[in-house]
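Participant: pasting the structure only:
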Ligand SMILES: O=C(O)[C@@H](CO)OP(=O)(O)O
Ligand SMILES: [Mg+2]
C-alpha cells in the first residue's frame, strides 16, 4: 500500500508544550496519525529532540523546524514507498538525517513518521496495531506499574526520588489489575488527606505531597495498599524510579529537593539494599546515574538477584549501550522509550537484543505525553509483561490503560495476564512480604477511623495469578 502524503503539524503535549504530530495518507485514502511524547529527565545519550529556540513562540520550545523537516525533507523522500516496509522507511530516514543521534532532522520528526507508518500499515491490513507488530503470539497483557507518587523533576515538592509506583500483580487479568491499582490510588488520597498533605498531582498523574523523606513516600503507599484492602507484596508490590542521574553531582548523589545531603555510590547502594529488605520492592529503575557505571556494577552485584534493575538514562533504548551493559553484566532490564532512539525499527532491534540476553523490557511513557496509545500496543506486541504509564488520573495516561483493556477484550480467552513472574527475580519478594505489616504503625495513628484497621477489612479477592503462556 503506497504512501500518498505525509503531513506534520505542531500540537501540544500534556504539559502544554509543543510536539510533533504526523499524518500519513495512503493511496487508498486511509489516514493514520501518531504524536510524539517528550521527556523532562532525559538521558544524555538520547536521540535529539529538535526545538526551535525562538523566544517569541512557546518560550523557545516550538517544534516548527521538526515539522518543516517532515514536510519538506522526509515526505518527498518517502512518498510512493510501500507503508508496510517499516525497516526501509526507518532506515531511509536515518540515512537522510546522517547523524549518530538524529540531530539534523530531529528524533521527534523521524519518530512521528515512523509510528504513523506502522499505524497506517496496520490500518491498511485491517489489523489492530498490536497484532500487526506482534503477530499471533501477542496475547500477554502487562502488569500496569502506576506512578502514584511523583517527586524529582516531575513535581514541585521536596521529594528527591522521581517516581513511586504500585504494581498490582495478583490479579486474574489486566482489567482487574487496573481496578486494584485505581482503588489504591484513591485510598492514597485519603491517607494523604488524613495526614493533612496536599493531593495536587505531578506531571505523571501521581500525587505530589511535600513529605519529610523519600522513605515516607513508600510508607504512605504501603498504607494505601492496605487501606484499599490488599496485601503489600502479595497483591500489590512497589517499583521505584529515583531518576538518580538528576541527582548526580561531581561523583556523588545530591538529595537536591529535601535536605541537600550528598551520598556516595556505595551509600546509595546501601540505601537500596535496606529498602529491598524492608519493603516489597520488585523493580528499581535508574538506581544509579548514567555516568556511574561502577556504581551500577556494585548495585547489580548487591541486589541484582533480588530485584529487577532497569536501565533508563543509562541505556536510552540504544542497542549499543545495552550491549555494553550486557558485556559488563550490569542491570537486568531495559526501559523501552521509543523517542529515546527515534524509530520503531531500532526500538524493536533493542528489544530483540534484550530478549536474546535474558534482559527484561519495561515499556514506558514520557512525562510529557499525548493521547497517542502506541506504547500500549507495543507492550503487548513484544510481550513485555509490564509497562509504566501514569496513575489513576490524567487522560493522556489513562488512554493507554483503556487501550490495553480494549486489547484484552479483543483477545478474549486468548489473553493472558503477566502477573508477578514478569518481574525479574520476583521469587525473592517472598522474604519481604511478612515484614510489611509492621511498617506503618506510626502512620496509622493519625488516620481517620474509616477503614483504618486493616485486619478488619475483608480481602476483596484472592484469585491466583493466571500464568502467562
Ligand atoms: O524517567 C523516566 O522514566 C521518565 C518517564 O517516567 O521521565 P521522563 O519522560 O521525564 O524522562
Ligand atoms: Mg526513568
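Facilitator: Right, received. Where do you want to start? Here the structure is a predicted model, which is why all the values come from computation and not from measurement. Residues are numbered from 1 along each chain as shown. Ligands and ions are numbered 1, 2, ... in the order given.
Participant: if I look at the residue nearest to residue 318 when sequence neighbours are not counted, how far off is residue 107?
Facilitator: Taking C-beta to C-beta, 6 or more residues apart in numbering as the measure, residue 318 lies nearest to residue 341, with 5.7 Å between them; neighbours along the chain are not counted. Where C-beta positions appear, they are placed from N, C-alpha and C, glycine not excepted. Distance check for residue 341 against residue 107: by C-beta to C-beta, to the nearest Å, it reads 8 Å.
Participant: Name all residues that sit in contact with the two at the same time.
Facilitator: Between them, residue 341 and residue 107 have 46-47 as joint contacts when contacts are counted by C-beta atoms under 8 Å, 6 or more residues apart in numbering.
Participant: how about the residue nearest to residue 318, what does it touch?
Facilitator: Each residue near residue 341 by C-beta under 8 Å, 6+ apart is listed here: 46-47, 107, 316-318, 347, 350.
Participant: and what of residue 24?
Facilitator: Contacts for residue 24 (C-beta under 8 Å, 6+ apart) come out as 3, 5-7, 31-33, 83, 113, 116-117, 119-120.
Participant: Ok, residue 348 next?
Facilitator: Taking C-beta under 8 Å, 6+ apart as the criterion, residue 348 is in contact with 133, 382.
Participant: Of all the residues in whichever strand or helix holds it, which ones are buried?
Facilitator: According to DSSP states H and E, residue 348 maps onto helix 344-356. When neighbours are counted by 16 or more other C-beta atoms under 10 Å, the buried residues of helix 344-356 are found to be 344-351, 353-354.
Participant: now stretch 61-80
Facilitator: Neighbour-count burial for stretch 61-80 [16+ other C-beta under 10 Å]: 61-71, 73-75, 78.
Participant: with the buried residues of helix 344-356 in mind, which one is nearest to residue 270?
Facilitator: Taking C-beta to C-beta as the measure, residue 354 is the one of the buried residues of helix 344-356 closest to residue 270, at 28.4 Å.
Participant: rewinding a little: just the buried residues of stretch 61-80: which are in helices?
Facilitator: Helix and strand membership here follows DSSP state H; of the buried residues of stretch 61-80, those in helices are 64-68, 75, 78.
Participant: Would you mind listing what in the stretch 101-250 of the chain touches ligand 1?
Facilitator: The stretch 101-250 of the chain has residues 162-163, 204, 241, 243 near ligand 1, with proximity defined as C-beta under 6 Å from any ligand atom.
Participant: Widest-spaced pair of these?
Facilitator: Distances among these were taken as C-beta to C-beta; the most separated pair is 204 and 243, at 11.4 Å.
Participant: SS state for residue 361?
Facilitator: Following DSSP: H, G, I helix; E, B strand; the rest coil, residue 361 is assigned to strand.
Participant: That one: what's its closest spatial neighbour, skipping adjacent residues?
Facilitator: Spatial nearest neighbour of residue 361, excluding adjacent residues (C-beta to C-beta, 6+ apart): residue 384 at 4.6 Å.
Participant: Enumerate every residue touching that neighbour.
Facilitator: So, once contact is read as C-beta under 8 Å, 6+ apart, residue 384 ends up touching 142, 336, 351, 360-363, 378.
Participant: How about residue 334?
Facilitator: Contact analysis of residue 334 by C-beta under 8 Å, 6+ apart lists 310-311, 315, 317, 322, 325, 350, 354, 359-362.
Participant: CSV please, covering these and showing distance to ligand 2 and pLDDT.
Facilitator: Formatted as CSV, the entries for those read as follows, by distance: C-beta to the ion, whole Å; pLDDT from 0 to 100:
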residue, distance to ligand 2, pLDDT
310, 8, 98
311, 9, 98
315, 10, 98
317, 11, 98
322, 15, 98
325, 15, 98
350, 16, 98
354, 16, 98
359, 16, 98
360, 15, 98
361, 14, 98
362, 9, 98
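Participant: Next, count neighbours for the residue of the stretch 1-150 of the chain found nearest ligand 1.
Facilitator: Residue nearest to ligand 1 within the stretch 1-150 of the chain (C-beta to the nearest ligand atom): residue 39, separated by 3.1 Å. The number of residues packed near residue 39 is 20, by other C-beta atoms under 10 Å.
Participant: From ligand 2, how far off is it?
Facilitator: Note on residue 39: its distance to ligand 2, by C-beta to the ion, to the nearest Å, is 8 Å.
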